[in-house]
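*Asks:* model this:
(2 chains)
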Amino acid sequence: MQPILDWLENLALSRFIVDTPLAFPVIECVHVLAITLVVGSIVIVDLRLLGIASSRRPVTELAAEILPWTWGLFCLALLSGGMMFASNAGTYFFNTAFRFKMLCLALAGLNMLAFHLFTYRSVRNWDKDVPTVPAAKAAGALSLSFWIGVVLFGRWIGFTIHN
Amino acid sequence: MIADFAIWMSRTGPSQTIQKILWIIPTIQTIHILAIAIVLSSAAMLELRIMGWTGTRTTMSETAQRYIPFVWGGLIVLALSGSILVIGEPERELTSIAFQIKMGLLLLAIAMTAAFQIMVRCGVDYWSADGARPLGAKLLGLLTLLTWFAIAVAGRWIAYVDLDKVTL
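*Replies:* Below you'll find the model as predicted:
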């Protein structure tokens, strides 16, 4: 692993981020904007799955409206996050908060995958006018928990890494 | 004067408590960021709907009813969590140019959101009709969204105290 971390830290982009005082804060601002919009847009869908908000709108319509934005912003968060990681890879990789953040991200991804592979297949039966099925509610609740974890551990990285 | 007030506040009991218990600041910041996520996304859905970029299968008033309460609710959580952060670190916040700009922009965003809410209430029929969205409302929507983004950026910038003095 160490050679990969060293390679990342020695990329021209990483050197630029370290050597330019404004680079890291600017990238971090982009990351914060992207991640808050990713999490917020996912919360909108989760609340629909839980039957708490947007209950009169079809699940499929809401998902089709919001999730393309979510994916686009997620790419931006991944890109900006990747740049921050590369600039100090050796430190982030061994940081416990960072690892828990990645764990929460992976769990959020698996939850979404399971939801789409199984629960979402029957969406026609609970798309509108009826309560969502328990499996959809569970997916919404798990998604909320994992994304809260992503934000929590993400913020904790800043308190455990000192350059 | 602000600096004196900040120093006085940092010596009060509540501020001392927040300073001593190390997990309070990161935990409150996490709650603050989650509330920002809700406010920014709700505002984005609203403004994108005004601009006709998304959500056009619902009426303007339906969109407003769904998302505006989340903007106000989120702002209450932000005001409470933000107050705890200011009490805990008064000098870091109150004397920072980034923080002062953030508060100014916040007033602007609140005023624009309220103005928009009044517009929607006045003309449900008008907004319910597709296509006829006046340019002024679109500009208001775009400006409001950009202001919310600027507020989040200014908030993050409070962390960069040194750059604060160099660049702003």
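*Asks:* any idea which element the closest residue in space to B:Ala35 that isn't next to it in sequence lies in?
*Replies:* Once its chain neighbours are removed from consideration, B:Ala35 has its nearest residue in B:Val77; the separation is 4.1 Å (Cβ to Cβ, 6 or more residues apart in numbering or on different chains). The C-beta positions use only the backbone N, C-alpha and C, and glycine is treated the same way. In the assignment (DSSP states H and E), B:Val77 maps to helix B:60-88.
*Asks:* which of the residues in that helix are buried?
*Replies:* By neighbour count on 16 or more other Cβ atoms under 10 Å in any protein chain shown, the buried set for helix B:60-88 is B:60-64, B:66-68, B:70-71, B:74-75, B:77-78, B:81-82, B:84-88.
*Asks:* Likewise for stretch A:78-96?
*Replies:* Of the residues in stretch A:78-96, A:80-81, A:83-89, A:91-93, A:95 count as buried by neighbour count, 16+ other Cβ under 10 Å.
*Asks:* I figured A:Gly40 was touching B:Leu40, is that so?
*Replies:* Yes - contact status for A:Gly40 versus B:Leu40: in contact at 5.6 Å, counting by Cβ atoms under 8 Å.
*Asks:* quick one, which of those two is more surrounded?
*Replies:* Here A:Gly40 and B:Leu40 are compared on neighbour count by other Cβ atoms under 10 Å in any protein chain shown; more neighbours surround A:Gly40, at 27 against 24.
*Asks:* That one - nearest residue in space that isn't next to it in sequence?
*Replies:* Looking at A:Gly40 with Cβ to Cβ, 6+ apart, the closest residue is B:Ser41, at 2.7 Å.
*Asks:* Any residues of chain A in contact with chain B? List them.
*Replies:* Applying Cβ under 8 Å from any Cβ of the partner chain, we find that chain A lies next to chain B at A:21-22, A:25, A:28-29, A:32-33, A:35-37, A:39-41, A:43-44, A:53-54, A:57, A:61, A:65-66, A:69, A:148, A:151-152, A:155-156, A:158-159.
*Asks:* now the helices for the chain?
*Replies:* You didn't pick a chain, so chain A it is. Counting by DSSP state H, chain A has helices at residues A:2-9, A:12-19, A:23-50, A:59-87, A:89-93, A:96-117, A:123-126, A:134-160.
*Asks:* actually chain B
*Replies:* Counting by DSSP H, the segments of chain B that form helices are B:2-10, B:13-20, B:24-50, B:60-88, B:90-94, B:97-122, B:124-128, B:135-157, B:161-167.
*Asks:* any low-confidence regions in chain A?
*Replies:* Counting by pLDDT under 70, chain A shows low-confidence ranges at A:162-163.
*Asks:* give me the residue from it nearest chain B.
*Replies:* A:Gly40 (2.7 Å; Cβ to the nearest Cβ).
*Asks:* so who does that residue touch?
*Replies:* Under the criterion of Cβ atoms under 8 Å, 6 or more residues apart in numbering or on different chains, the neighbours of A:Gly40 are B:Ile36, B:Ala37, B:Ile38, B:Val39, B:Leu40, B:Ser41, B:Ser42, B:Ala44.
*Asks:* Could you let me know which of those residues ends up closest to chain A?
*Replies:* Nearest to chain A out of the contacts of A:Gly40 is B:Ser41 (Cβ to the nearest Cβ; 2.7 Å).
*Asks:* what residues does chain B put near chain A?
*Replies:* Residues of chain B found near chain A, taking Cβ under 8 Å from any Cβ as the criterion, are B:25-27, B:29-30, B:33-34, B:36-42, B:44-45, B:54-55, B:57-58, B:66, B:70, B:149, B:152-153, B:156-157, B:159-160, B:163, B:166-167.
*Asks:* If we use 6 Å, what do you get?
*Replies:* By Cβ under 6 Å from any Cβ of the partner chain, the residues of chain B that approach chain A are B:26, B:29-30, B:33-34, B:36-38, B:40-41, B:54-55, B:66, B:149, B:152-153, B:156, B:160.
*Asks:* and B:Ile111, how many residues sit next to it?
*Replies:* Careful, residue B:111 is Ala; it's not Ile. 12.
*Asks:* Could you do B:Ser15 as well?
*Replies:* By the criterion of other Cβ under 10 Å, B:Ser15 has 19 neighbours.
*Asks:* just checking, it touches B:Ile87?
*Replies:* Yes - with contact defined as Cβ atoms under 6 Å, B:Ser15 reaches B:Ile87; the gap is 5.2 Å.
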